[in-house]
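Enquirer: Sequence and computational prediction follow.
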Amino acid sequence: MITLPRKIEKEPIDGNYTTIKLPNDLVIEMDQLIGKHGFKSRAEIIKDALRELLTRYKNSELPRFEHFNIDPDGARITDRKRHMIADIYFKPEGIFCDLDKSNGCEHIDFALTVPKIQEIIREKIKEGWKLPDV
Ligand SMILES: [Zn+2]
């Protein structure tokens, strides 16, 4: 197998800008957006598209779920995939997710893995609350 040397991209060191070549079919398609959606130039479209892509990859490196505000009444779970916050409530009749209006969803599954939440739930179970075993 012959391996061709891979061309190394130029470092963006010449001033504040870097020139990048794009295939013309993509540019033609992109030009149709100029004058629409507030875009005035190719550069604006590229910058907007690239920022969105970079944000997406940055977000995908973070865990999907994260907990905060844990107290005896419930917890809040950040859902980075749905870009929403799920409020989880602990009640005598069971556990409830306000986002899904459900007592069984991914947010609850995640919440039940958090040690601090497990501690609260075990205490509440002792008081007779109908919560899942953790
Ligand atoms: Zn949920």
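Expert: Here it is on my side, so go on.
Enquirer: Tell me how far residue 75 lies from residue 116.
Expert: 8 Å (CB to CB, to the nearest Å). Any C-beta I mention is one placed from the backbone N, CA and C, and that applies to glycine too.
Enquirer: ok, now which ones touch the residue nearest the centre of the chain?
Expert: For the chain, the residue sitting closest to the mean C-alpha position, by CA atoms, centre = their mean, is residue 80 at 2.7 Å. Residues near residue 80 by CB atoms under 8 Å, 6 or more residues apart in numbering: 59, 62, 63, 64, 65, 66.
Enquirer: Next one: residue 116 from residue 100, what distance?
Expert: 22 Å.
Enquirer: related to what we said a few turns ago, quick check: closest non-adjacent residue to the residue nearest to the centre of the chain.
Expert: residue 64 (5.2 Å; CB to CB, 6 or more residues apart in numbering).
Enquirer: Is that neighbour in contact with residue 79, as I believe?
Expert: Yes. Contact criterion CB atoms under 8 Å: residue 64 and residue 79 qualify, at 6.7 Å.
Enquirer: Which one's more surrounded, residue 116 and residue 100?
Expert: Neighbours per residue, other CB atoms under 10 Å: of residue 116 and residue 100, the larger number sits with residue 100, 16 against 11.
Enquirer: Domains of this protein: list them as residue ranges, please.
Expert: 24-60, 65-126 (automatic domain parsing).
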